[in-house]
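*Asks:* With the sequence up front, the predicted model follows.
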Amino acid sequence: MKALITLILLVQLPIHKAAPAAPPAPLGCDDPESEAAAEVAVNYINGHSHHGYKFALNRIEDVRVVPQGPNNDIIFLELDLLETKCPILSPTPLANCTVRSFTEHAVEGDCDVKLQKLDGKISVLASKCHSHADSSEDISKVCPDCPQLASLNNTEVLETVSAALNDFNSKTTGPYLRLLEIGRGKIQYHPAHVVAVEFAVGATNCSAEEAKVNVGACQLLPEDQSNFGFCIGTMVKLPTQNLEVDCQLYGHQPGVTYVHAGQDTSAGLPPSAVGFRNHDLRLSYHNPLASESSSSEMFRSMLSAKPVTKRAVAEAAQHDKVPRPVGFVPPPPPCPGKIRHFDI
């Protein structure tokens, strides 16, 4: 009888179920995990860009995490990048590259990147980037006499590149250099008329002396001997004429190649320079393991959700009537993140 009573009591005892685990807090744009993913993304973007300059992270605009299973997350990032002074072919590490200042006519890159974090390892699945230069009006407000960016097919820019490269080749004791691409061109009209250019070059199999005999026979060195470099030229047209040029070859870099946009002419100017858009970071990549349609759909979902999220945060802040202690400083919103350089 005593055993039966004990059994009944045990059956009637309430069973307390463990409370479900709280969902993880949303990832903030300045959280270490977001910054680690952004670093992978920026390195990937620079590693897969074949023209122009390296870009540095300026701000993480937004981050989304979609769990896929144990130790498997899909991460979506919206990144603001800024152009540096390091050409894409330069061996200088990104950490040592100087971001171009606002008055030097900065260029901003906007990138949407899809990544996967699997067992702690982050990799890029898809990315899409474009860039734009700050408006001339904004530059003029801060620095009225600063030179303005010009199109790469601007006549004065093309003339200055040709004159600068010819001048360097006429004086060098090294290999004859051919133009790969024009990176930037700027023109200043006051107080002096000045054209400043930057352009990438490649060493050929000819010396400068040999090129004078038959420049058409001078070809870029093969991939296993390639030697790329960069030149900066300045031509003063008024009040007095003057031309200065400085070129630096990087030496052979195994694995570094240049994707040719067109064949060089004997004058060193590629036909593709005509009509070529200036300062445009265009990069679109999809991992073969992630279909283009699903990647595009996820990017669209991410972008369409952002305005709703920001509006919800604003409404919550507006209707928050909870009393706060004197001197209380609310925490910053999780996104967008901090600006590392400057806003344009």
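*Replies:* Here it is on my side, so go on.

*Asks:* Against Leu249, how distant is Ile75?
*Replies:* When distances are taken as Cβ to Cβ, to the nearest Å, Ile75 and Leu249 turn out to be 39 Å apart. C-beta: built from backbone N, CA, C; applies to glycine.

*Asks:* more crowded one of these two?
*Replies:* Counting neighbours by other Cβ atoms under 10 Å for Ile75 and for Leu249 shows that Ile75 has the greater number, 24 against 17.

*Asks:* Could you pull out the buried residues of the one helix or strand the more buried one maps to?
*Replies:* With secondary structure defined by DSSP states H and E, Ile75 is part of strand 72-87. Counting neighbours by 16 or more other Cβ atoms under 10 Å, one finds that the buried residues in strand 72-87 are 73-87.

*Asks:* now stretch 228-245
*Replies:* Neighbour-count burial for stretch 228-245 flags Phe228, Gly229, Phe230, Cys231, Ile232, Gly233, Thr234, Met235, Val236, Lys237, Val245 (criterion: 16+ other Cβ under 10 Å).

*Asks:* Going by distance to Gly255, which of the residues you listed wins?
*Replies:* Checking the buried residues of stretch 228-245 against Gly255 by Cβ to Cβ gives Phe228 as the nearest, at 12.3 Å.

*Asks:* can you give me the strands in this protein?
*Replies:* Assignment of strands within the chain using DSSP state E yields the ranges 53-69, 72-87, 107-118, 121-133, 148-149, 175-188, 193-207, 228-238, 242-249, 283-286.

*Asks:* I'd like those strands as CSV, with mean pLDDT appended.
*Replies:* Compiled in CSV, the strands of the chain are given as follows (pLDDT from 0 to 100):
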stretch, mean pLDDT
strand 53-69, 96
strand 72-87, 97
strand 107-118, 96
strand 121-133, 95
strand 148-149, 90
strand 175-188, 96
strand 193-207, 97
strand 228-238, 96
strand 242-249, 97
strand 283-286, 61
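
*Asks:* Name all residues that make contact with the residue minimising distance to the centre of the chain.
*Replies:* Centroid check for the chain by Cα atoms, centre = their mean gives Phe55 as the closest residue, at 3.4 Å. With contacts defined as Cβ atoms under 8 Å, 6 or more residues apart in numbering, Phe55 is in contact with Val42, Ile45, Asn46, Ser49, Leu81, Leu82, Glu83, Thr84, Gly109, Ser131, Leu281.

*Asks:* Mind doing that once more with 10 Å?
*Replies:* When contacts are counted by Cβ atoms under 10 Å, 6 or more residues apart in numbering, Phe55 touches 42, 45-46, 49, 79-84, 86, 88, 94, 97, 99, 107-109, 111, 129, 131, 281, 283.

*Asks:* Could you do His190 as well?
*Replies:* Going by Cβ under 10 Å, 6+ apart, the list of residues near His190 reads Pro144, Asp145, Pro147, Leu238.

*Asks:* Give me the phi and psi angles of it.
*Replies:* In terms of degrees, to the nearest 10, the main-chain angles of His190 are phi -140, psi 140.

*Asks:* ok, it to Asn71 distance?
*Replies:* As defined by Cβ to Cβ, His190 lies at a distance of 61 Å from Asn71.

*Asks:* Ok, Thr204 next?
*Replies:* Thr204 sits 51 Å away from Asn71, taking Cβ to Cβ as the criterion.

*Asks:* same check, this time on Asn153
*Replies:* Look at Asn153 and Asn71: by Cβ to Cβ, they are 51 Å apart.

*Asks:* distance of Asp145 from Asn169?
*Replies:* Applying Cβ to Cβ, one obtains 32 Å for the distance of Asp145 from Asn169.

*Asks:* Tell me which of those two has more neighbours.
*Replies:* Each of Asp145 and Asn169 has its neighbours counted (other Cβ under 10 Å); Asn169 has more, 25 against 10.

*Asks:* The more buried one against Arg178, yeah?
*Replies:* Yes. A contact is recorded between Asn169 and Arg178 when judged using Cβ atoms under 10 Å, the distance being 9.2 Å.

*Asks:* Which neighbours do those two have in common?
*Replies:* Val201, Thr204, Cys206, Ala211, Val215, Cys218, Gly268.

*Asks:* tell me the two of those residues that are most distant?
*Replies:* In those, two members sit farther apart than any others by Cβ to Cβ. They are Val201 and Val215, at 14.4 Å.

*Asks:* Give me the more crowded residue out of these two.
*Replies:* Val201 (26 against 16).

*Asks:* what are the bridge partners for Val236, then?
*Replies:* In this structure, Val236 bridges to Val194, Asn242 when assessed by DSSP bridges.

*Asks:* Identify, from the buried residues of stretch 228-245, the entry nearest to Lys338.
*Replies:* The nearest member of the buried residues of stretch 228-245 to Lys338, counting by Cβ to Cβ, is Phe230 at 31.4 Å.

*Asks:* Next, the contact list for the residue lying closest to that closest one once chain neighbours are set aside, please.
*Replies:* Leaving aside its chain neighbours, Phe230 sits nearest to Pro87 (4.9 Å; criterion: Cβ to Cβ, 6 or more residues apart in numbering). Contact partners of Pro87, counting by Cβ under 10 Å, 6+ apart, are 51-54, 97, 180-181, 183, 198-200, 228-230, 250.

*Asks:* ok, Pro87 to Asp138 distance?
*Replies:* In this structure, Pro87 lies at 25 Å from Asp138, with Cβ to Cβ as the measure.
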